[in-house]
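Student: Pasting a predicted model and its sequence here:
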Amino acid sequence: MTNGKTAIRVIVVDDHPMLREGTQSLLTRSAGIAVIGTAGTGAEALRLVAALRPDVVVLDMHLPDISGMDVTREIRANFPDIAILILTGYDDTGYVRALVPLGVQGYLRKTATGEEIVDGVRAVAQGRLALAPDLLQLGVGGTSVHLTEREHEVLWLLASCRRNKEIAEGLGISVKTVEFHVSRLLEKLGARSRTEAIRIAVQLGLVDLDANHVES
Amino acid sequence: MAFAAVRRVSSYRWIGAIIANVALIIIAELSLMTTAQLPELGLRAEALGDRVIITQVLPAGVAWEAQVRPGDQVLSVADVPVTPADAPTLNIAPKIQVRSTSGAVLTTSVAKGLADFSPISVWSFPLVAVCFVLIGMLVFVLAADAFVAWSVLGLTIAMAMTLLAARSTYQSAQWALAVVFAGIMIFGLSTFILFLIFPVNRLRTTIGRVTAAVALIATLALVLVYPWIVLMNPALYNELRRASSALVTLELLGACGLLGLTTLRKRSRQDNQDVLGLLGLGMAGAVTPFALLSLIPIFIGIPLLAPPEVAILSIVLLPLSLGIAILHGQFAMIEYVARRGLVAIVVWSTLLAIYSVLFMSIVRLIDPGPDLLSNNLWMAPLWIAVIAITFPIIQRGLRHRIEQILFHDVYAYADTLQHLSIAIAGYTMVEDIAPYVLDQLGQKLGLRWATLALQSDITPPEHYDWGERPIPPRSDQAALPNAAAQGNEGYQAYDDTMRQVGLVAGRTMIGMLTIGPKRHVGGLTSNDEAFISTLAPLIATALHNAVLIRRLQDQVAELAEREHALAALNTQLMQIQEEECQRIALDLHDDTIQRVMLLERELTEAEASPQIQRWRRSVADIVAALRTVCAGLRPPVLDDLGLIAGIDWLVNDMRASTDLDVDLEVVTADHTPFGRLEAPLEIAIYRVAQEALTNCRKHAQASHIAVRLQRDPQQVVLRIADNGRGFDSSTRQEPSALHLGILGMRQRLRPWSNDITLARGVHGGMIVSVAVALRKKNDND
């Protein structure tokens, strides 16, 4: 743990050079944060961590040699004081459920804004949690349901009993994208089916059925 | 004595042998007991006033031989004038004097009879009797021809009985006189019939049959009339004696004539026929002098030409001729057969001796008194029954055991057949059956060699050998001129050096069994023949089945091999597909998605114009779409988090893309974490679940799916049940799709399990169950 007087020493681990550099420059630009090393593989990351003892490791889940899960486990086992912020393209809630018990303090998507990422690093360095807002409820059992704008749109269309294809056409996006959003919606609502998702959404007041043309 | 063929003694011969032996025992016993009693004169007398008159005289008894007849008046008893009180005991008086009806004074005494009974006969008679029994039994066992066997038995046993009983005739024992009479009659008849049959069977001609019938009827008539004459009408006894003597003499002379005729006939016989002739001559030479010198004079009533105890010694010619025959080198067969016969005789004699001793001991134990015979004669039927019941069993076992020790080709027909049948039925491979059969046949029958050739349209040619077959193998030869001209079919095999039996199964000739000659003797016995012909169809059937099974197995093996290769190929294809999916997913994820995400981030940080906002949303949509595609190819959670996360993703994806209500239930023992499995297995189970869910979505028309994943210490069970229309085996709805789906699942799990079941749910629908046994601890955490 470090206080604000000294810079937060960070190691960025990402196998994708562009993103690694993007993250590195983003963090370097921020005050009070010093990127003391970067790594493209899990093994390299572990070596750097052992050698440099950073305050925070910004870790990608997908690495070519060792998975981010195993790197997390390794770091947690050897250096319990080092904070870990997962910055990943994967955003399956399963990861959040698996990582939080391991002692990961932060979990952000790569689509997160630079501000979110910097805040996240600062938060975990101070021992606070930094979870993507919509994941917060799943990872730590929050009650409020946070839906993205797109998810709201999909839910709205879903409530009118549209099929995925129709939704895709309606939103001008691909069916796969609709599936992705529906899948996320179901997870966030804890529903076992689309019908149940609508029921829960109505109960939570996320959609107003009267406002839509519900076809039975 | 027809040695031309050897045969086992059939059961009816056993009965004959038993009766003969029991009769001999009884007669020997009677003879022994009679000599221990007071000698009798063989008469009865009554007191008429002060005179004592003879009322009855036993024909051929001591008194009879002294010309004493009924009606004679007794003058003195043991040189003391007779008194009426002596009448009841006259029979056992040492000496009496009578006046005959003609007025002549006659003397008769037991001393006369005893004096006639020379000490030599004490041993010579029983000795010769034993000799007769031995020869008779030997021939009885060995003779192939039933007539020969029975006539020799009759001849020898009759002689033995006569000889054994002869001692007691001097004491006027009524039974002894009857036995001697019957014995002589049977002896004559048997001798005649024997030479009527042997060595040339003249019973085939009408004259021969008529002559035999006349002799048989005459003998029977005389034997039957004998008790009537002796008991009711002794006056006719002399006529009976004359008639029977004439018959016996005629029969004996006829026998000699027949033998001479046969010997003189020019024959082209084989060597063993010479030996048989030698034996015949020995028989004739042994019997004839005794018959001519002693028996006939006795019957005719003229003085003996030679004492019987001396004349009878000619009988040694019989074993002598047999010995010569056996020593005749080239007839290993006879030696072999004789050895077997000797075993039988030794066993029988020993047994009979034991029976005798037992009988004697028991009789004496029950009644130690002097009058053993009359008091204990009732025991005879009992004793006969005991012997009849126990003798065959005991002798059979004993003989079998001894023969097995001495000879190697002895086998119990029924037992061996049964044993072999069961054993053959137990084999399913040609390679097992053929050598086994050959080995068993070779050993049981004592063969030199045996071969089994398989050849038919359904079997490739195969050849199995046992033993040392002479090289070059002798081709199947025509049967040699039949030695057993007497004609018992089935024995001609003796002259064949080998025998071929076709193996026929289901009207198909599948091969040939060739039996070589026996190791010790030339050919197969009728027993062997029967054995082989009974066994051959069994062997054929077993081999046929084995051939079919082998063909089937070959086909199955070929199919299995093909299936295996196909499965391997399939597995490889699946693996390639899996790798391809993973590669594409990684490529997308590692590069494309990352770049798009970076772009999204940069757009987010850029100036928030509506245009850029729209781009940003588009890019976010692309990321979402790419992620879905990636996960569809291979969800990263499956690799990173394991099977449960993978299935969970699958289920969620299913929920998102369809209207189906999908349940996921994970069950572990004691609520422990499900943990990880070996990576390929996780992928396999994941793919199986994916396939099953795809099936549900496409074909089941279900509204609800329940996925259940259970982990026990021993196994992992995946169960996917839907409430759709299920599968109907009768209508076979889209069978190929379903079938292919199941096939795909099987292929996936092949390295771990083939336990995939497809069942109909209780309330309809379909249940796919997959169980994978956990071979070792696969947990990673």
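Tutor: Yes, it's here.

Student: For stretch B:147-164, C-alpha coordinates in PDB please.
Tutor: Presented in PDB, the C-alpha positions along stretch B:147-164 are these (Å, rounded to 0.1, in the frame of the first residue of the first chain):
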ATOM      1  CA  PHE B 147     -22.000-119.100 -31.600                       C
ATOM      2  CA  VAL B 148     -18.300-119.900 -31.200                       C
ATOM      3  CA  ALA B 149     -18.200-118.100 -27.900                       C
ATOM      4  CA  TRP B 150     -21.200-119.800 -26.500                       C
ATOM      5  CA  SER B 151     -20.400-123.300 -27.700                       C
ATOM      6  CA  VAL B 152     -16.900-123.000 -26.300                       C
ATOM      7  CA  LEU B 153     -18.300-121.800 -23.000                       C
ATOM      8  CA  GLY B 154     -20.800-124.600 -22.900                       C
ATOM      9  CA  LEU B 155     -18.200-127.100 -23.800                       C
ATOM     10  CA  THR B 156     -15.600-126.100 -21.200                       C
ATOM     11  CA  ILE B 157     -18.100-125.400 -18.400                       C
ATOM     12  CA  ALA B 158     -19.800-128.600 -19.000                       C
ATOM     13  CA  MET B 159     -16.500-130.400 -18.800                       C
ATOM     14  CA  ALA B 160     -15.500-128.600 -15.700                       C
ATOM     15  CA  MET B 161     -18.800-129.300 -14.100                       C
ATOM     16  CA  THR B 162     -18.500-133.000 -15.000                       C
ATOM     17  CA  LEU B 163     -15.100-133.100 -13.600                       C
ATOM     18  CA  LEU B 164     -15.900-131.400 -10.400                       C
END
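
Student: quick one: average pLDDT of that stretch?
Tutor: Averaging pLDDT along stretch B:147-164 yields 78.

Student: now swap in stretch B:282-298 and tell me
Tutor: What stretch B:282-298 shows for mean pLDDT is 69.

Student: What's the separation between the residue nearest to residue B:402 when sequence neighbours are not counted and residue B:725?
Tutor: In this structure, residue B:402 finds its nearest non-sequential neighbour in residue B:343, 5.3 Å apart by C-beta to C-beta, 6 or more residues apart in numbering or on different chains. C-betas here are computed from N, CA, C, even on glycine. Separation of residue B:343 from residue B:725 (C-beta to C-beta, to the nearest Å): 83 Å.

Student: what about these two, which has more around it?
Tutor: Between residue B:343 and residue B:725, residue B:343 has the larger neighbour count (other C-beta atoms under 10 Å in any protein chain shown), namely 20 against 15.

Student: So for that one, what pLDDT did the model give?
Tutor: The model reports residue B:343 with a pLDDT of 72.

Student: element containing the spatially most central residue of chain B?
Tutor: With the centre of chain B defined as its mean C-alpha position, the nearest residue by C-alpha atoms, centre = their mean is residue B:414, 1.9 Å away. In this structure, residue B:414 is located in helix B:413-426 according to DSSP states H and E.

Student: Does anything pack onto that helix? Which helices or strands?
Tutor: Other helices and strands packing on helix B:413-426, by 3 or more C-beta pairs under 8 Å, 6 or more residues apart in numbering or on different chains; DSSP states H and E, are helix B:430-445, helix B:526-587.

Student: Figure out which of those helices is closest to residue A:175.
Tutor: With C-beta to C-beta as the criterion, residue A:175 lies closest to helix B:526-587 of these, at 18.3 Å.

Student: Heading C-terminal from the closest one, find the next helix or strand.
Tutor: Following helix B:526-587 in sequence, per DSSP H and E, is helix B:594-605.

Student: quick one: that next one near chain A?
Tutor: Yes - applying C-beta under 8 Å from any C-beta of the partner chain, one finds that helix B:594-605 is in contact with chain A at B:594, B:595, B:597, B:598, B:600, B:601, B:602, B:604, B:605.

Student: Lowest pLDDT pick from those residues?
Tutor: Comparing pLDDT over the residues of helix B:594-605 next to chain A, the lowest score belongs to residue B:605 (77).

Student: So what's the residue count around that residue?
Tutor: 12.

Student: Contacts only, for it.
Tutor: Residues in contact with residue B:605 (C-beta atoms under 8 Å, 6 or more residues apart in numbering or on different chains) are A:113, A:114.

Student: one more time with 6 Å
Tutor: residue A:114 (C-beta atoms under 6 Å, 6 or more residues apart in numbering or on different chains).

Student: thought residue A:37 was touching residue A:48?
Tutor: Yes - contact criterion C-beta atoms under 6 Å: residue A:37 and residue A:48 qualify, at 4.6 Å.

Student: shared neighbours, the two?
Tutor: In contact with both residue A:37 and residue A:48: residue A:11, using C-beta under 6 Å, 6+ apart.

Student: Please report the distance of residue B:260 from chain A.
Tutor: Distance of residue B:260 to chain A, given as C-beta to the nearest C-beta, to the nearest Å: 118 Å.

Student: Return the list of helices and strands in contact with whichever strand or helix holds that residue.
Tutor: Using DSSP H and E, residue B:260 sits in helix B:237-264. For helix B:237-264, the packing partners by 3 or more C-beta pairs under 6 Å, 6 or more residues apart in numbering or on different chains; DSSP states H and E come out as helix B:174-197, helix B:206-232, helix B:271-290, helix B:296-300.

Student: now the closest residue in space to residue B:627 that isn't next to it in sequence: how far from residue A:151?
Tutor: Distance criterion C-beta to C-beta, 6+ apart; nearest residue to residue B:627, sequence neighbours excluded, is residue A:180 at 5.9 Å. Separation of residue A:180 from residue A:151 (C-beta to C-beta): 10 Å.

Student: At which residues are the helices of chain A located?
Tutor: With helices called from DSSP state H, chain A shows them at A:17-29, A:42-52, A:68-78, A:93-99, A:114-125, A:133-140, A:149-159, A:164-171, A:175-189, A:194-203.

Student: Which parts of the first one count as buried, going by neighbours?
Tutor: Yep, that's helix A:17-29 we're talking about. A:19, A:20, A:22, A:23, A:24, A:26, A:27 (16 or more other C-beta atoms under 10 Å in any protein chain shown).

Student: ok, back up a step: can you tell me which of the residues of helix B:594-605 next to chain A are buried?
Tutor: B:594, B:597, B:598, B:600, B:601, B:604.

Student: you'd agree the residue nearest to residue B:627 is up against residue B:628?
Tutor: Yes - using C-beta under 6 Å, residue A:180 is in contact with residue B:628, at 4.3 Å.
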